[in-house]
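Chemist: The following block contains a protein sequence and its predicted model.
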Amino acid sequence: MHIYIHIPFCRRKCRYCAFYSVPSRVNDEYIPALVNEIRFYSQIYDIFSGDYDTLYIGGGTPSLLSADQISEIISSVKRYFRLSPAEFTVEVNPESFTRDFADAILSLGANRVSIGVQSFFDDDLRFLGRIHSAEQSRRAIEIA
């Protein structure tokens with residue numbers, strides 16, 4: 001079984017993206033509401049009583065969250081669901097992926113990062129409506 005958590009915030013909507021997102025900052029009320037929802041769904045899905053072998057945190061832009069915010073989300077998932085040691089992925093964007101964020105997700109068990117590079121050519125990135133540069137992509141890969 002798998003768990004997907006959607007972080008719907010983006011600094012700007014990319015031209016090609018069909019995923020739900022809102023172009024705004026992370027709302028202070030979102031994280032506590034999400035933690036409550038995680039707890040709620042753990043009670044509903046307790047009947048399955050099995051291990052979950054995938055945790056995927058996508059978006060939107062999960063790397064817009066602070067290290068403390070992503071830690072709170074991951075800790076609540078681990079508190080309420082049994083995760084087997086398998087794939088644990090967090091999506092990040094190059095312009096918002098920081099060493100603190102990387103350290104936080106790594107310390108909580110993430111074993112895969114999906115970096116939204118899209119291209120290493122700045123002209124292509126501008127055409128796609130991306131807000132990062134090729135150089136920021138290279139730095140994000142170095143952090144990972």
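Modeler: Alright, I've got the coordinates. These figures come from a predicted structure and were not determined experimentally. Residues are numbered from 1 along each chain as shown.

Chemist: ok, which stretches of the chain are helices?
Modeler: All helices of the chain, identified by DSSP state H, fall at 30-44, 67-80, 99-107, 122-128, 134-143.

Chemist: Any idea which helix or strand in this protein has the lowest mean pLDDT?
Modeler: Least confident element among the helices and strands of the chain, by mean pLDDT, DSSP states H and E: strand 22-23 (a mean of 80).

Chemist: ok, it: who's next to it in the sheet?
Modeler: With DSSP bridges as the test, strand 22-23 is paired with strand 9-10 (parallel).

Chemist: can you give me the mean pLDDT across the partner strand?
Modeler: Strand 9-10 shows a mean pLDDT of 92 in the predicted model.

Chemist: ok, residues contacting it?
Modeler: For strand 9-10, contacts defined as CB atoms under 8 Å, 6 or more residues apart in numbering pick out 17, 21-27, 30, 59-61, 64. (C-beta placed from N, C-alpha, C; glycine too.)

Chemist: Filter those down to just the buried residues.
Modeler: Among the contacts of strand 9-10, those buried by neighbour count (16 or more other CB atoms under 10 Å) are 21, 26, 59-61, 64.

Chemist: Flag whichever of the residues you listed scores worst on pLDDT.
Modeler: Scoring the buried ones among the contacts of strand 9-10 by pLDDT puts V26 last, at 76.

Chemist: Which residue is the nearest non-sequential neighbour of that one?
Modeler: Among residues not flanking V26 along the chain, F9 sits closest, at 5.1 Å (CB to CB, 6 or more residues apart in numbering).

Chemist: cool, and A144?
Modeler: V113 (4.9 Å).

Chemist: ok, now which ones touch that neighbour?
Modeler: Residues in contact with V113 (CB under 8 Å, 6+ apart) are 89-92, 97, 102, 105, 144.

Chemist: Name the residue closest to the centre of this protein, please.
Modeler: The residue lying closest to the centre of the chain (CA atoms, centre = their mean) is P62, at 3.3 Å.

Chemist: which residues are contacting the lengthiest strand in the chain?
Modeler: The longest strand of the chain (DSSP state E) is strand 83-92. Contact with strand 83-92 is made by 3, 51-59, 61-63, 70, 77, 101, 105, 109-116, 140, as judged by CB under 8 Å, 6+ apart.
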